[in-house]
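J.: Only the shape, not the letters, is given here:
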């Protein structure tokens, strides 16, 4: 019986096309408009679900549409075009919408949302980091490594988080629009907004001390340069303008200097500092091996950095005075140690190491003692950024 119906439908379609009665077959399209992909909600918070169903490639409006919203954690959670739920279970929900219209056409769309314990989103603070536990996402954890909480949830790669000085916003890098761009979000992961739009890629954001500007790396002028823009993405300016590679900017706590790594010696990376407009350049390190990833202490008197100055291809964490004097080695391990970030009281330094077989976030005292693995997870955790 089904074959007869199908054959009759095909014959009818051919006849209609022959006499010019109808155009191309309409395709049913379903688009979830709420909640935004990767949203985080506290348990008990109202989550709005909504979708738009249309016909593409044809005319008219679909009729008799039946909706089925299914969570992979709870099964069917809704059966209408729009609805709200405030009782979803804790966890990451992959919600799939399937629609069928009166003509038997079907369409689907999917959104991922996370439900966290009450208060978890509002109290986001501590150490930001990038984790590859479910792809590449931004997390935050308490300074002792407890309560890791995902802030982004996107199929693309999110990385290189940076706290605003007041701790209310986070700049980060994402490939969600096709290449590395700089985004900003609230401390709880909400309000994710794209700031840059350049096909060559923008990365490594760092905030000015007053939170009004962001320095970053871009390849938009043909090579890697340091740029500064307003915190809303406007007013982009190249402040290095040098043919060599300039990377990894770090804005000083008093706002007067930007430290960065540069390959302008043409043989290795050295750490430099400059004024926020690119003037007043000073070479802080002068060593035949690479020095990279500068990070200012909270009072601006010291810089932590990583270097392979003892053994090639083996980076260790060092500190030095803000003028480049007083270099001191803090770590001593054949594995990679790098990406340092100071605690707000300058008594500790978080960093990334693969000494236990994969990338983990560690913390140590500012003199290199008291080493503790904070993440201890089988997936890679990188790029710590400390805040109150």
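T.: Yes, it's here. On a predicted model such as this, the values are computed, not experimentally measured, just so you know.
J.: in this structure, which residue is closest to the centre?
T.: residue 158 (2.7 Å; C-alpha atoms, centre = their mean).
J.: so what pLDDT did the closest residue to residue 253 other than its chain neighbours get?
T.: Computed as C-beta to C-beta, 6 or more residues apart in numbering, the closest residue to residue 253 that is not its neighbour in sequence is residue 300, at 4.6 Å. Using the backbone N, CA and C atoms, a C-beta is placed for each residue, glycine as well. Looking at residue 300, its pLDDT stands at 96.
J.: contacting residues for the residue nearest to the centre of the chain?
T.: Residues in contact with residue 158 (C-beta atoms under 8 Å, 6 or more residues apart in numbering) are 130, 136, 137, 138, 152, 172, 173, 174, 176, 183.
J.: and the next element down the chain from the helix or strand where it lies?
T.: According to DSSP states H and E, residue 158 maps onto strand 158-163. Sequence-wise, the next helix or strand downstream of strand 158-163 (DSSP H and E) is strand 169-174.
J.: Identify each buried residue in stretch 204-219, please.
T.: Going by neighbour count (16 or more other C-beta atoms under 10 Å), the buried part of stretch 204-219 is 204-209, 211, 213-219.
J.: related to what we said a few turns ago, avg pLDDT for the strand holding residue 158?
T.: 97.
J.: circling back to that earlier point, which one of the buried residues of stretch 204-219 is nearest residue 358?
T.: residue 204 (22.8 Å; C-beta to C-beta).
J.: Pull up the pairing partners for the strand holding residue 158, direction included.
T.: Paired strands of strand 158-163, with direction, are strand 169-174 (antiparallel) (DSSP bridges).
J.: which phi and psi does the closest residue to residue 374 other than its chain neighbours have?
T.: Nearest non-adjacent residue to residue 374, counting by C-beta to C-beta, 6+ apart: residue 145, 3.3 Å away. Per-residue torsions, residue 145: phi 90, psi 0 (degrees, to the nearest 10).
J.: residues touching residue 145, list them.
T.: With contact taken as C-beta under 8 Å, 6+ apart, residue 145 is in contact with 361, 363, 372, 373, 374, 375, 376.
J.: Which pair in those residues has the greatest spatial separation?
T.: The distance between the two most remote of the contacts of residue 145 (C-beta to C-beta) is 12.1 Å, for 363 and 376.
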